[in-house]
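3D, please:
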Amino acid sequence: EEGMRKEVRVAQQIQHALLPKEYPQIEGFQIGSSYRAASEVGGDYYDFIWVDPTTLGIAVGDVAGKGVPGSMVMAMIRTAMRLEAKKNRSPANVLLKVHQHVNGDMKRGMFATMFYIVLDSRNRSISYASAGHNPMILYRRSTDEVYFLKPKGFPLGIDLPDESLFAKTLALQKLCLQKGDLLLIYTDGVTEAMNAKQEQYGEDRMIQSIRDNAHLPAEEVVQRLEDSIARFVGGAEQSDDVTIVVIKENMQAEDVIYKFRKHLLKLVD
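Below you'll find the predicted structure:
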């Protein structure tokens, strides 16, 4: 019993050491994130990776499998992500390469879902792909509408009858944000958070929290969502990690053009 507890503590320490210590500053976007560990060692993972000086990759993943094996798989995936994401602006291609890296090394029946986004601050565009992860939420400020973005893709490391299926299925999608728009990437520990009556927090409450707080800075949006989940579950012990990343558009196209003109004028001077 004591040995098991010690093992869990070590796994938790490894896992926490692998999570980002600070937010990257990327022009025109606000980023907020939070990670809350469950009672056991979970397999949630998130990371910020600089693809190049003006392009940032944001990954959120969830390993199916708790405890020490889960945290080891997560460490393996993180290493592969950091290796493959550098200079590669295609989220789908990065996920494919990570899958190829880890596929042979993962125990049968183990896999990880992953949502991966590439923010291009120069072109103000966002591309993304999903390896079987829950959808990303897009909130459009101008219309107060909410969209679920769920590109096709199998989880990383999953056993497929035909290996080429992974690459064939993986879809790449793009979008542009307007000022005040917001993206939420999360793990299912959010929607499946349970209160003492065994009720789940669910998507509707999550979306309501986003709508109510979308006008606030990204970090505040994350904090309000965390508070909302905490109020709902009360003191009930949670069996799954909760990971939340919020990206908020901070710039309008005019701002970009204005800055570019200023830059040109500087060059002319």
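
Skip ahead from the helix or strand harbouring Thr79 and say which helix or strand is next.
Assigned by DSSP states H and E, Thr79 falls within helix 67-85. Proceeding N to C from helix 67-85, the next assigned helix or strand is helix 91-103, under DSSP H and E.

and the next element down the chain from that following helix?
Counting by DSSP H and E, the element after helix 91-103 in chain order, helix or strand, is strand 111-120.

what is the orientation angle of the helix or strand containing Gln12 with helix 67-85?
Element membership for Gln12 (DSSP H and E) is helix 2-18. Note on geometry: by axes from the mean of the first three to the mean of the last three Cα atoms, to 10 degrees, helix 2-18 and helix 67-85 are set 20 degrees apart in direction.

What are the boundaries of the helices in the stretch 101-250 of the chain?
Ranges of helices within the stretch 101-250 of the chain are 164-169, 202-213, 218-233, based on DSSP state H, counting those that start in this stretch.

Okay, buried residues for the longest one please.
Spelled out, it's helix 218-233. 218-219, 221-226, 228-229, 232-233 (16 or more other Cβ atoms under 10 Å). C-beta here means a position set from N, CA and C on the backbone, and glycine is covered the same way.

ok, then the element right after the helix holding Gln12?
Counting by DSSP H and E, the next helix or strand C-terminal to helix 2-18 is strand 29-36.

in its sheet, what does that next one sit against?
Strands that pair with strand 29-36, judged by DSSP bridges, come out as strand 242-249 (antiparallel).

and the residue nearest to Ser228 when sequence neighbours are not counted, what is it in contact with?
The shortest distance from Ser228 to any non-neighbouring residue, by Cβ to Cβ, 6 or more residues apart in numbering, is to Ser209 (4.5 Å). Contact analysis of Ser209 by Cβ atoms under 8 Å, 6 or more residues apart in numbering lists 224-225, 228.

For Ala38, state which of those residues is nearest.
Checking the contacts of Ser209 against Ala38 with Cβ to Cβ, the nearest one is Leu225 at 16.9 Å.

Excluding chain neighbours, give the residue nearest to the closest one in space.
Computed as Cβ to Cβ, 6+ apart, the closest residue to Leu225 that is not its neighbour in sequence is Ser209, at 4.8 Å.

if I read this right, Ile158 contacts Phe111, doesn't it?
Yes: Ile158 lies in contact with Phe111 (Cβ atoms under 8 Å); the separation is 4.2 Å.

any common contacting residues for the two?
Common neighbours of Ile158 and Phe111 (Cβ under 8 Å, 6+ apart) are Gly132.

Give me the more crowded residue out of these two.
Phe111 (24 against 19; other Cβ atoms under 10 Å).

What pLDDT does the model give that one?
You'll see Phe111 listed with a pLDDT of 91.

Am I right that it is in contact with Leu160?
No: under the criterion of Cβ under 8 Å, Phe111 is not in contact with Leu160, lying 10.2 Å apart.
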